[in-house]
Every structure is written in structure tokens, then in C-alpha cells.
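Q: Turn this into a structure:
(2 chains)
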Amino acid sequence: MERLEDIIAAHAGREGPLLPILHDVQAAFGHISEEAIRAIASALNLSRAEVHGVVSFYHDFATDADPRPQVKLCRAEACQARGVDALVAALDESVRAQLGTVYCLGLCSAGPSALVGDTVHARLDPTTLSELVEQTK
Amino acid sequence: MTTVRISDDALALACGADAVAAAFTAAGATVERVSSWGMHWLEPLVEVGGIGWGPVGPGDVQAILDGGLDAKCIGPVAAHPFIMRQQRFTFARAGKTRPLNLDDYAATGGWDGLRKAREIGPEAIVETVTASGLRGRGGAGFPAGIKWKTVAGAAGGEKYIVCNADEGDSGTFADRMVMEGDPFMLIEGMAIAAEAVGAQRGYVYIRSEYPHAIAKMQAAIAASAEIVAPFELEVRVGAGAYVCGEETSLLNSLEGKRGEVRAKPPLPAIEGLFGKPTVVNNVLTLAAVPWILANGADGYAEVGFGRSRGTMPIQIAGNVKHGGLFEVGFGITLGELVNDIGGGTASGRPVRAVQVGGPLGAYHPPSDFHLPFDYEAFAAADGLIGHAGIVVFDDTVDMAAQARFAMEFCAAESCGKCTPCRLGAVRGMEVIDRIRSGAGRQLETIERMPQMHNMPKQGRDPAEEIALLTDLCETMKFGSLCALGGFTPYPVMSALKHWPEDFGAT
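A: Got it, this is the predicted structure:
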């Protein structure tokens, strides 16, 4: 709880502090809990509904914890043109890790690509994608 | 000791540049991390004494240090045909400088534009930008000088400069490359805009999918804070919402709200961030400004085609042999970009479709390859150049599936504010699904409740479903508040128009 209050305090003086706070809460706890929403709303003088509305609007924020690291695979048009859908079809049989989708990593000339944490991977084929998912589990 | 230059651009990293750099260091070489030349099919590209090799793996390192590996040698990098055919204004430093090195930046003309801007003052800055013919590079193509003039003339003490770095379009990466490869140029462009309109604060709104661009911009802002002072800059990170690339959604997001579109008017130039007059420009627009100020408006305006002046950093992507960043004056044809420069498909199969302008851009068949790259020419051909990304597909693509994906994407990313986008996209998916199944809408599969006075009385055959899809697209195009709902009909209708056979219609 102390960490939550620290995060809120660190941003409270900024213009438009809500998104930076939510990013830090998501990074620290892996999700944004009901308790966090309550504390943030109270600190920023917003209603809980307003904060919840923002949390639920953005794909980056989750209200439920999922401790598994995520492989975010780009499935936008450029990666589709380079065969990402076939990769997913090949992977579905064995995949156990959290495989998320992201629309465009800006690596469109070297797809299919994926983001794991802050590391990027391009030119994926069935073997390298499987390895990536395995390593991330 | 041998000095080896390797890019630390995200694409180079994604292709394994760090491992190659580590191998060179282990072999006793000095490694210098520079920006990317934009020849993505050659990344990781390694440069020793101006001679390049690519794509290089850790196993190639010793052979390169021994002066061999002819199979991967491309000769002098700066003289490569892909580079020689370009007119690099915005990407003049690409591949040549260390992104976060202030000495490299100053030695290559950095801060000349800002110095000039401070000499000539606000009115003359706006005049110069107007005279250059620079139009917003984010997609809408609105003249930058007119926008700046509006903000400069707006009442109210506090004003903002907001850089739209929410580059979410598939097939586009020029903004990312500017931020990772030449971040001081973007900062200089924003500082010049601040001089022009009298702003004290600026924000760079970067999408969270670009962690490397975020890190580079934060470091560059810290390193150049004294140079651009009293102007203050800050990075804000998006949270995974495509619609926040629309300027009014972006402003709402910056304020900490849901990224919902605002109705215009009022224009952001009058009532923008926190209700204050705000310049909202794309990365490429602001990045073009230092060159214009340093070299004069005429030098920029004399390049280009028709009303599209200057250069456009075109991003060649998808199933293409030579993908990358190609900056050139407007007017080059689509066919030259795909076949001559891109080298055709990576798979070696025939090109079937090229999507220009991101997920909301039209799909063009090879019969459109004569089109000159220019805002007006593409609009006349029922398309748009958007942020100048082109995505190549070979003949294995199912165009009805691509049309369906466009609707699905719009449904997933709609902010929900306006009905044509929020509901139209969902209905669009359903109609396309029925068209693709070939069954049309059958009465017996519709839930029939006798008490419903408005229960469906007629089924629809697939041809009538196509008419319905066309009508729906018209409604979305003219009834949506912003480009997400308004432009989704471009990929859908272009797919239907050029490849009716994929929809079971001929």
C-alpha cells in the first residue's frame, strides 16, 4: 500500500497525472486493483467510475492479475502479409504461455515481430516463435 | 583498433544487432552505435570504414574483421543504390550519427534552425514555414504554417506544443526512426514551433508499443534541456489505444481521460490541451522544420509534386524484398516504389495488393501502379497516402478476409463516441461474414419471435448483402466523427471494388 501511495505522490503535481500513475501502478503490481482505483480516485478528486472508465478504455491496463510474462505478437496488416497468421496457427497446438496481440510494433519490413517486456524480436518463423514463447514462460 | 558501426534502432535490435555488437567487442573491435540507414533487409548492417555488410550474424564477425565475407558485402554504404535514389532531408543524418550524441548533432547542422528562428522572430518563422508548403505529415495534410498562425494569434497566455508520436498505422515506422535515430531534430522542431507561437511547454505523446523510442526521447530531452530552455519538454506514454493517434483523442488522453474523440470545432489550435491554444503536429512534420529554417523555405518548396511540397519519408513494408525507409520528393509512382525500389515480394510470388496509408488506407491492385505519390492523386483514385506506409501483399492474400479485418480492427479500437463507428464496424464484420459464407441472411437462422412487430420479413442473398455493406460504408464515411470510422470504408470498399471474386461476386 505504501508503494501505491508513493506512486500517486510522485505524479500528483503534474499536469494530467492519471495516465502516468496508472502506468506505474500497472508496472509495479501487474494490474490495477479495485483498491488502487479507489486510492487514485480519492487522491485526484475523481469518482471511482471516472478512473475505472480510463482503466477499461486502454488495452495496456488490466484489472486482473496474470503473473505470466506476455509475448505480444504483432498481428497488423504488414505482419499478416509476412505470414503471422500461419505462425499462430502452428503455435496454438503447444502454446501454454500468455500470447497477446499488439497492433504494430513499427518493425513492418521485418515481420512477423513480437515484443517481450522491452525487448523486440523480428523475422520470426515457427521455430523462433516457439523458442521465444518457451523462454518467456 | 577497428571501429565498427552498428545501429541501435529497434528494428536492428529485433534482428539481433546486440549480439553482433557483443561479438565485435569480444573480438577486440571498437563498436559505435549509430542510427539506422533504413535498409531494413540488411539489418543488422555493419559498417567498417564506410564499407557495409548485411545482414550480419555473430558468426560473421571474424570474417569481416579479416576483410572478407564478400557474399554479404554491399560496398560503400553511402553509395548504395537504395540510398543514392533518395532525397534525404528529414533523414539526412540516418546511419551517420550517434543518436544521443550532442557533438554529432551540432557537427551536422543541428540547432542551426533554432538559432535562425530566434534571430528572425515569431512572425517570420510562421511565414517561412508557410512559404515552404509543409503540410502535416500525419495523414491529413493540413498546411503547418496556417495551423501555427492560428495558435500564434489565439488569445490566452499559456500555449502548448504537442507532438503526435502515436504512430499506430501498420506499415509505418518513420516516426519511430526519427525518435530513435535523430531525437534532437524532433526536439529542435518543437522548440522552433514554441518560438513561433509563444509556447512554454511541450509534450511528446509516444505509444507504449515503442519502448526504445520512449527511452531515447527521454534521454535526449534531458541532454538538450539547457539548449531549448526556457521551453520545457516532457514525454507522455500512451496506453495501447489506436484512436489516440487522432489529435483530439490524444489531447484527452494527455489530460488523463478516456481517449475519446472531441467534436470540432473548437479546433485544438484555439482550445486544445487543458483548453489552451495548442499546436498538434506529427513527428515528421516537426522534424522537417529545422531543415526549413536552416536552409530556407525555397529549398524545401522546390522539391515535390503539385500541391505536395518537399519530401516524404515513405515506408516500404510487408511482403517486400527490400523493405525500409525511402525519403524522396512527392511524385514517385507506386509501381516504382513496389517493384524498382522494393524489389517486388519477399516470397517471390506476384504482387496482388498494396495497402497505402495504414489500416485505414485503400488496397490498390497493380493496375494502380502508375499513381504518383501525392495527396491529391491518391484521393482521386479513392485512396489516401496517410502517413506514407505501403504494405505489399502477394497473391496468396484473401481480400475479403482483409476487408473483414479492417472492420474488426475498427470495432476493437473505436472510442465509442459516435454511432457509425461503434456500431457500424460490428455490423460490418457480420455482413462480411455472411458474404464470405456465401449464404446471405437466411430467415430460418434469424431468431424469430412472434411478438416482435418489427421482426425481419425478408432474407437477403449475398448480392443484397454486398449492397448493404456498401450502404453501411457510406454511412460510416460521412457520419463518423474522426478518421477511424470515417476511413475504415477505404480498405473495405477498395477490396470489394478490385477483388469482387474474393467476396463471391463477379
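
Q: Could you find the closest non-adjacent residue to A:R68?
A: A:Q98 (4.2 Å; CB to CB, 6 or more residues apart in numbering or on different chains). Any C-beta I mention is one placed from the backbone N, CA and C, and that applies to glycine too.

Q: Share the number of residues neighbouring the one you found, please.
A: Residue neighbour count, defined by other CB atoms under 10 Å in any protein chain shown, stands at 15 for A:Q98.

Q: That one and A:D66 touch, don't they?
A: Yes. Here A:Q98 lies in contact with A:D66, judged by CB atoms under 8 Å, at a distance of 6.2 Å.

Q: How many neighbouring residues does A:E131 have?
A: Applying other CB under 10 Å, we find 12 other residues in the vicinity of A:E131.

Q: actually B:G157, not the one I wrote
A: 8.

Q: hmm, back to that, how close does the residue nearest to A:R68 sit to B:M312?
A: Plainly put, A:Q98 is 39 Å away from B:M312 if you go by CB to CB, to the nearest Å.

Q: I'd like to know the beta-bridge partner residues of the residue nearest to A:R68.
A: When bridges are assigned using DSSP bridges, the partners listed for A:Q98 are A:Q70.

Q: how close does it get to chain B?
A: For A:Q98, the distance to chain B (CB to the nearest CB, to the nearest Å) stands at 15 Å.

Q: residues touching that residue, list them.
A: A:66, A:68-71 (CB atoms under 8 Å, 6 or more residues apart in numbering or on different chains).

Q: farthest-separated two in those residues?
A: The two members of the contacts of A:Q98 with the most space between them (CB to CB) are A:D66 and A:V71, at 12.7 Å.

Q: Looking at the two, which one has more neighbours?
A: A:V71 (25 against 11).

Q: which residues touch residue 123?
A: As the question left the chain open, I've gone with chain A. With contact taken as CB under 8 Å, 6+ apart, A:R123 is in contact with A:110-113, B:14-15.

Q: Please refer instead to chain B.
A: Contacts were defined as CB under 8 Å, 6+ apart; by that measure B:E123 touches B:A152.

Q: Specify the local secondary structure of it.
A: In terms of secondary structure, B:E123 is helix; the call rests on DSSP: H, G, I helix; E, B strand; the rest coil.

Q: B:R5 versus that one, what's the distance?
A: Counting by CB to CB, the gap from B:E123 to B:R5 is 42 Å.

Q: B:P55 touches B:V46, doesn't it?
A: No. Counting by CB under 8 Å, B:P55 stays clear of B:V46, with 9.1 Å between them.

Q: Settle it for me: which of these two has more neighbours?
A: Neighbours around B:P55 and B:V46, counted as other CB under 10 Å, are more numerous at B:V46. The numbers are 29 against 21.

Q: Ramachandran coordinates for residue 54?
A: In the absence of a named chain, chain A is used. Per-residue torsions, A:V54: phi -70, psi -40 (degrees, to the nearest 10).

Q: tell me the secondary structure for the spatially closest residue to it that is not a sequence neighbour?
A: Closest residue to A:V54 in three dimensions, ignoring its sequence neighbours and counting by CB to CB, 6+ apart: B:R258, at 5.6 Å. Three states are possible here, and by three-state DSSP the one that applies to B:R258 is coil.

Q: For B:R258, give me its contacts.
A: If you count contacts by CB under 8 Å, 6+ apart, then B:R258 has A:53-54, A:57, B:252, B:415 around it.

Q: wait, what's in contact with B:P183?
A: Residues touching B:P183, when contacts are defined by CB under 8 Å, 6+ apart, comprise B:99-100, B:216-217, B:219-221.

Q: what kind of secondary structure is the residue lying closest to B:I146 once chain neighbours are set aside in?
A: Nearest residue to B:I146 in three dimensions, chain neighbours excluded: B:T130, at 6.8 Å (CB to CB, 6+ apart). When classified by three-state DSSP, B:T130 comes out as helix.

Q: Tell me the spacing between B:C15 and chain A.
A: In this structure, B:C15 and chain A are separated by 5 Å, where distance is defined by CB to the nearest CB.

Q: Just give me the neighbour total for the spatially closest residue to that residue that is not a sequence neighbour.
A: Taking CB to CB, 6+ apart, and ignoring the residues beside it in sequence, B:C15 has B:E43 as its nearest neighbour in space, at 4.7 Å. Under the neighbour criterion other CB under 10 Å, B:E43 is assigned a count of 30.

Q: now swap in the one 4 residues further on and tell me
A: Other residues within reach of B:E47 by the criterion other CB under 10 Å amount to 23.

Q: element containing it?
A: Here B:E47 sits within strand B:46-48, counting by DSSP states H and E.

Q: mind checking how far that strand is from the chain centre?
A: Taking CA atoms, centre = their mean, to the nearest Å, one finds the center of strand B:46-48 at 28 Å from the center of the full chain.

Q: who does that strand touch, helix- and strand-wise?
A: Under the contact criterion of 3 or more CB pairs under 8 Å, 6 or more residues apart in numbering or on different chains; DSSP states H and E, the helices and strands touching strand B:46-48 comprise strand B:3-7, strand B:51-53, helix B:61-65.

Q: repeat that for 7 Å
A: Packed against strand B:46-48 by the contact rule (3 or more CB pairs under 7 Å, 6 or more residues apart in numbering or on different chains; DSSP states H and E) you find strand B:3-7.

Q: buried ones in the strand it packs on?
A: Neighbour-count burial for strand B:3-7, with 16 or more other CB atoms under 10 Å in any protein chain shown as criterion, is recorded at B:4-7.

Q: now those as JSON lines including distance to chain A?
A: Formatted as JSON lines, those follow (distance: CB to the nearest CB, whole Å):
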{"residue": "B:V4", "distance to chain A": "21"}
{"residue": "B:R5", "distance to chain A": "19"}
{"residue": "B:I6", "distance to chain A": "16"}
{"residue": "B:S7", "distance to chain A": "13"}
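
Q: Identify the residues contacting residue 55.
A: Went with chain A since none was named. When the contact criterion is CB atoms under 7 Å, 6 or more residues apart in numbering or on different chains, the partners of A:V55 are A:22, A:32, A:37, A:61, A:63.

Q: actually it's chain B I care about, not the one you picked
A: Under the criterion of CB under 7 Å, 6+ apart, the contact partners of B:P55 comprise B:15, B:42-44.
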